[in-house]
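Q: this one's sequence-less:
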């Protein structure tokens with residue numbers, strides 16, 4: 001089922017899960033993830049979504065937003081490379097797509113309409129289509 005997303009709330013609010021402060025050192029990546037979980041979803045950039053999705057954080061809320069972005073620009077780019085948001089979405093666990101078949105169909109449609117798949121995305125596209 002595709003879920004409506006409240007863009008005014010953060011992942012922490014939506015998931016009702018506030019991560020406690022780390023007891024020891026924290027990597028820069030995890031500090032960024034912690035910070036992004038506090039940001040309202042409507043304020044997340046393509047890069048923010050890419051990073052969180054790659055870390056499997058907030059997928060139930062972020063994948064619908066990412067798919068919305070990809071509908072308008074399948075090769076939307078965060079800070080890494082053209083199509084990095086699509087790559088993040090395509091490489092999520094197959095279980096995610098079985099839990100949200102409508103969303104999976106939408107991603108398949110987006111991928112099937114790509115006129116030219118950049119060489120760096122071919123493996124991700126092929127892997128997703130093979131599911």
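A: That came through fine. Worth saying up front: this structure is predicted, and the values here are computed from it rather than measured.

Q: any low-confidence regions in the protein?
A: Confidence mapping of the chain against pLDDT under 70 gives the ranges 1-4.

Q: list the buried residues of the helix ranked longest in it.
A: Criterion DSSP state H: the longest helix present in the chain is helix 59-72. For helix 59-72, the neighbour count (16 or more other C-beta atoms under 10 Å) marks 59, 61, 62, 63, 64, 65, 66, 67, 69, 70 as buried. The C-beta positions use only the backbone N, C-alpha and C, and glycine is treated the same way.

Q: could you check how far the first one is from residue 120?
A: Pointing back at residue 59 there. Look at residue 59 and residue 120: by C-beta to C-beta, to the nearest Å, they are 23 Å apart.

Q: list the contacts of the residue nearest to the spatial centre of the chain.
A: By C-alpha atoms, centre = their mean, the mean C-alpha position of the chain lies nearest to residue 53, the distance being 3.6 Å. Each residue near residue 53 by C-beta atoms under 8 Å, 6 or more residues apart in numbering is listed here: 59, 62, 63, 66, 85, 88, 89, 92.

Q: got TSV for those residues, with distance to residue 129 too?
A: Written out in TSV, the entries for those read as follows (distance: C-beta to C-beta, whole Å):
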residue	distance to residue 129
59	20
62	22
63	17
66	18
85	18
88	16
89	13
92	14
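
Q: widest-spaced pair of those?
A: 59 and 85 (13.4 Å; C-beta to C-beta).

Q: about what we covered before: tell me the two of the buried residues of helix 59-72 that are most distant?
A: Most distant of the buried residues of helix 59-72, by C-beta to C-beta, are 61 and 70, 15.7 Å apart.

Q: re the thing from before, how about the one helix or strand the residue nearest to the centre of the chain maps to: buried residues?
A: When secondary structure is defined by DSSP states H and E, residue 53 falls within helix 46-54. The neighbour-count check on helix 46-54 (16+ other C-beta under 10 Å) flags 46, 47, 48, 49, 50, 51, 52, 53, 54 as buried.

Q: now swap in stretch 89-100 and tell me
A: Buried residues in stretch 89-100, defined by neighbour count with 16+ other C-beta under 10 Å: 89, 90, 92, 96, 97, 100.

Q: make CSV out of those residues and add secondary structure.
A: CSV is the format used below for the buried residues of stretch 89-100 (DSSP: H, G, I helix; E, B strand; the rest coil):
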residue, secondary structure
89, helix
90, helix
92, coil
96, helix
97, helix
100, coil
